[in-house]
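# give me the fold of what follows.
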Amino acid sequence: MKTNYLKKYIISSYILVWILIIIVAGTASLIFHVPPVIMWIVRNLIAWSPTYLLLLGWKHFRPDETRIAFVKRCFSGKVKLSPLLLSFVLTFGISVLSLFLYSAMTGKSMLSYINLGTTALPLSIFLSLTSGPTGEELGWRGFMREEFNKKYGFLKSSVCQGLVWCFWHTLLWVVDSEFTDWRAIPYVISNIVVITSITILMNIFLERYNNLLYSVLLHFGFNILYVFLDVDIGFFEILTVLYLVITPIAVLVRNKTAKKFGEITIAEKGK
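Numbering: from 1, shown residues only. Here you go, the predicted model:
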């Protein structure tokens with residue numbers, strides 16, 4: 001019987017992150033009452049769990065390849081400045097646009113929803129970058145993307161990846177969210193739509209450029225604003241609508257571009 005390495009990885013990643021959240025984060029918060037910046041570092045260490053799992057348990061998930069060969073392939077694509085910046089600006093810009101629309105609807109300034117907190121700004125940016133953006137991508141957009149792409153076409157593969165990534169956060173919705181009343185329902189729906197949409201956008205970049213730096217910056221562009229945001233559920237509802245509009249447009253552009261690129265490649269081969 002052929003081993004389902006993808007299934008093993010997904011199940012293991014869920015079990016590992018739940019254990020780390022309950023035991024490590026729970027102990028740090030409830031027993032030791034660590035200060036916020038230390039708790040942030042703890043969360044960052046937990047965010048790296050998909051990478052810990054993949055590299056430490058490598059022989060259980062990809063026994064026919066070395067770790068070094070895999071990592072090199074994940075970063076093998078040429079880095080181009082314009083699309084690299086676009087990968088960050090895309091998700092960051094959608095969040096800023098959502099905040100603009102939300103502030104217009106509530107009649108308050110955008111800055112009134114920004115809370116810089118007590119952590120120094122450079123440290124906040126560094127901790128945001130070294131959380132999910134750098135900690136998760138090797139597992140999700142490296143290993144998992146390759147495995148799903150072996151089974152399905154672009155869109156179905158991307159949606160499957162997005163849903164796995166989305167529900168990996170399930171326990172965090174319970175223990176690390178302020179929306180514990182009726183707002184939990186639109187918040188969860190927003191997470192499902194937005195995270196799946198972001199996965200599709202990431203895969204558009206990765207399909208063309210084949211370098212995880214693009215997904216890292218796209219992930220960072222999404223995360224960084226939320227470090228400072230203090231908003232209600234209306235913001236996430238607007239964010240959901242924007243991703244439901246922008247992502248299909250991006251897929252249509254991808255399809256047309258891919259078709260055109262394929263035609264050019266075929267013509268070049270015929271010369």
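# tell me how far Trp168 lies from Met105.
Computed as CB to CB, to the nearest Å, the Trp168 to Met105 distance reads 31 Å. In short, each C-beta sits where N, CA and C put it, glycine included.
# of those two, who's got more company?
Neighbour count, other CB atoms under 10 Å: between Trp168 and Met105, Trp168 has more, with 20 against 11.
# right, and that one touches Ser13 too?
Yes - in this structure, Trp168 is within contact of Ser13 by CB atoms under 8 Å, at 6.5 Å.
# between the two, which contacts overlap?
Counting by CB atoms under 8 Å, 6 or more residues apart in numbering, the shared contacts of Trp168 and Ser13 are Pro50.
# next SSE downstream of the host helix or strand of Ser197?
Per DSSP states H and E, Ser197 falls inside helix 184-209. Downstream of helix 184-209, the next assigned helix or strand under DSSP H and E is helix 212-223.
# tell me which other helices or strands the following helix or strand past that next one touches.
Toward the C-terminal end, the helix or strand that comes next after helix 212-223 (DSSP H and E) is helix 233-270. The helices and strands touching helix 233-270, judged by 3 or more CB pairs under 8 Å, 6 or more residues apart in numbering; DSSP states H and E, are helix 81-106, helix 184-209.
# and the angle for helix 233-270 with helix 212-223?
Interaxial angle, helix 233-270 versus helix 212-223 (axes from the mean of the first three to the mean of the last three CA atoms, to 10 degrees): 160 degrees.
# what's the angle between helix 233-270 and helix 81-106?
Relative orientation of helix 233-270 versus helix 81-106 (the same axes, to 10 degrees): 150 degrees.
# chain center to the helix holding Ser197: distance?
7 Å (CA atoms, centre = their mean, to the nearest Å).
# my guess is Ser13 meets Phe167, correct?
No - if you go by CB under 8 Å, Ser13 and Phe167 don't touch, sitting 10.8 Å apart.
# more crowded one of the two?
Taking other CB under 10 Å, Ser13 and Phe167 do not tie; Ser13 has more neighbours (25 against 16).
# residues in contact with that one?
Neighbour list for Ser13: 49-50, 53, 139, 168 [criterion: CB under 8 Å, 6+ apart].
# out of those, grab the one that's most surrounded.
Counting neighbours by other CB under 10 Å, Pro50 leads the contacts of Ser13 with 26 neighbours.
# next one: that one from Val17, what distance?
Where Val17 is concerned, Pro50 sits at a distance of 8 Å (CB to CB).
# intersection of neighbour lists for the two?
Here Pro50 and Val17 share the contacting residues Trp168, scored by CB under 8 Å, 6+ apart.
# now the most centrally placed residue in the chain. Nearest residue, chain neighbours left out?
Nearest residue to the geometric centre of the chain (CA atoms, centre = their mean): His219, 4.8 Å. Residue nearest to His219 in three dimensions, not counting chain neighbours: Pro133, with 4.1 Å by CB to CB, 6 or more residues apart in numbering.
# which element is the closest residue to Asn191 other than its chain neighbours on?
Distances taken as CB to CB, 6+ apart place Cys166 nearest to Asn191, at 5.9 Å, with adjacent residues excluded. Using DSSP H and E, Cys166 sits within helix 154-167.
# list the buried residues of whichever helix or strand comes after that helix.
Where DSSP H and E defines the elements, the next helix or strand beyond helix 154-167 is helix 170-175. For helix 170-175, the neighbour count (16 or more other CB atoms under 10 Å) marks 171-173 as buried.
# likewise stretch 88-107?
Judged by neighbour count (16+ other CB under 10 Å), stretch 88-107 contains these buried residues: 88, 90-92, 94-95, 98-99, 101-103.
# CA atoms only: put it into CSV for me.
What follows is stretch 88-107, C-alpha atoms only, in CSV (Å, rounded to 0.1, in the frame of the first residue of the first chain):
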residue,chain,number,x,y,z
PHE,A,88,3.9,42.4,-0.1
VAL,A,89,1.9,45.3,-1.4
LEU,A,90,-1.0,43.1,-2.5
THR,A,91,-2.0,41.8,0.9
PHE,A,92,-0.9,44.8,2.8
GLY,A,93,-2.8,47.1,0.4
ILE,A,94,-6.0,45.0,0.7
SER,A,95,-5.8,45.3,4.5
VAL,A,96,-5.2,49.1,4.3
LEU,A,97,-8.2,49.4,1.8
SER,A,98,-10.4,47.5,4.2
LEU,A,99,-9.4,49.8,7.1
PHE,A,100,-10.1,52.8,4.9
LEU,A,101,-13.6,51.6,4.1
TYR,A,102,-14.2,50.5,7.7
SER,A,103,-13.1,54.0,9.0
ALA,A,104,-15.4,55.7,6.4
MET,A,105,-18.3,53.6,7.5
THR,A,106,-17.7,54.3,11.2
GLY,A,107,-16.9,57.9,10.7
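# noted, bye for now.
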